[in-house]
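S.K.: Sequence and predicted structure, then a few things I'm wondering about:
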Amino acid sequence: MFNALSPSHSTAGYDLNRPELYEEVKLSKNAWEREKYDNMADLFSILTTLQHLEKAYIRDAVTAKEYTAACSKLLVQYKAAFKLVEGHDDCVNLETFVRRFKLDCPAALQRIQEDKPITIRDDKGNTSKCIAEIVALFITLMDKVRLGMKAVDELQEDVRDLMATMNRLSIIPNNFEGKEKVESWIETFGKMSASEELTDDQARQFTHDLEASYNAFNRLLHES
């Protein structure tokens, strides 16, 4: 009823005599290249997300407070992501990266150039700068602990800077839970020597408190 297929013939567009066509194509040849492509993918994702956020705000799909918080976070993430790929042939600068991967993100590029959300325009950048610094410090501290950095002299200065910056931002009330948690860790670090390290339990609690404070800060931006 059915005729046998000859191995010399193609089936459904595939050449049965060329097994190499069935092999997986790998973008990278080694761990360094794989890391490079992962970092470029992160940057691509951040630029795309920022472009969509700008369009969502223009279309009134997000509130001004939601937009401000999300945009501030993305701008901080962009700076960190760009540092990881800057200098590669595919990313001599941001414009090169955008052209190389055919990104259509003019709104995102404008936001990066201004380095602040579009909602912050008439305060000489003070509020925007504080929000961006607070977001950056939260992310930096959480990343440090996740990377195993637990010594007092590796964390204390950033914790102090975080507290000082929150105190400068007028929309944060004195009884803000994030302030209380950060203040308690300033006291903890103050009782330790520079070379001492957090225990595993302390590091876990510190990360938990940072995440809770960061989430509370985002809620505050949305509600205030």
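M.R.: Happy to help now that I have it. What you see is a predicted model; the values in this text were computed from it and never measured.
S.K.: Verify the stated contact: residue 185 with residue 159.
M.R.: Yes: in this structure, residue 185 is within contact of residue 159 by CB atoms under 8 Å, at 5.6 Å. Where C-beta positions appear, they are placed from N, C-alpha and C, glycine not excepted.
S.K.: more neighbours, the two?
M.R.: Set residue 185 next to residue 159 and count neighbours by other CB atoms under 10 Å: residue 185 wins out with 23 against 20.
S.K.: Low-confidence stretches in the chain?
M.R.: Filtered on pLDDT under 70, the chain yields the residue ranges 1-17, 19-29, 120-126, 224.
S.K.: Mind jotting down where the strands sit in it?
M.R.: 10-11, 14-15 (DSSP state E).
S.K.: any idea how far residue 128 is from the nearest residue to residue 223 once chain neighbours are set aside?
M.R.: With sequence-adjacent residues excluded and distances taken as CB to CB, 6 or more residues apart in numbering, residue 223 is closest to residue 65, at 7.1 Å. Distance of residue 65 to residue 128, given as CB to CB, to the nearest Å: 13 Å.
S.K.: which of the two has more neighbours?
M.R.: Counted by other CB under 10 Å, residue 65 and residue 128 do not tie: residue 128 has more neighbours, with 21 against 16.
S.K.: Which stretches in this protein count as helices?
M.R.: Applying DSSP state H to the chain gives helices spanning 31-58, 64-85, 94-100, 106-114, 126-146, 152-168, 177-190, 200-223.
S.K.: what number of residues lie near the residue nearest to residue 214 when sequence neighbours are not counted?
M.R.: Using CB to CB, 6+ apart and skipping residues adjacent in sequence, the residue nearest residue 214 is residue 138, 4.3 Å away. Other residues within reach of residue 138, judged by other CB under 10 Å, total 23.
S.K.: Quickly note the distance from residue 138 to residue 211.
M.R.: 9 Å.
S.K.: what does residue 150 give?
M.R.: Residue 150 sits 16 Å away from residue 211, going by CB to CB.
S.K.: Would you mind telling me which of those two has more residues around it?
M.R.: For residue 150 versus residue 211, neighbours defined as other CB under 10 Å are more numerous around residue 150 (17 against 12).
S.K.: who touches the residue nearest to residue 214 in this structure?
M.R.: Contact analysis of residue 138 by CB atoms under 8 Å, 6 or more residues apart in numbering lists 162, 210, 213-214, 217.
S.K.: contacting residues around the residue positioned nearest the centre of the chain?
M.R.: For the chain, residue 77 is the residue whose C-alpha lies nearest the centre (CA atoms, centre = their mean; 3.3 Å). By CB under 8 Å, 6+ apart, the contact set of residue 77 is 46, 139.
S.K.: try the one 3 residues further on
M.R.: When contacts are counted by CB under 8 Å, 6+ apart, residue 80 touches residue 139.
S.K.: Look up how far residue 60 lies from it.
M.R.: In terms of CB to CB, residue 80 sits 30 Å off from residue 60.
S.K.: Repeat that for residue 207.
M.R.: As judged by CB to CB, residue 207 and residue 60 stand 36 Å apart.
S.K.: Give me the more crowded residue out of those two.
M.R.: Taking other CB under 10 Å, residue 207 and residue 60 do not tie; residue 207 has more neighbours (16 against 8).
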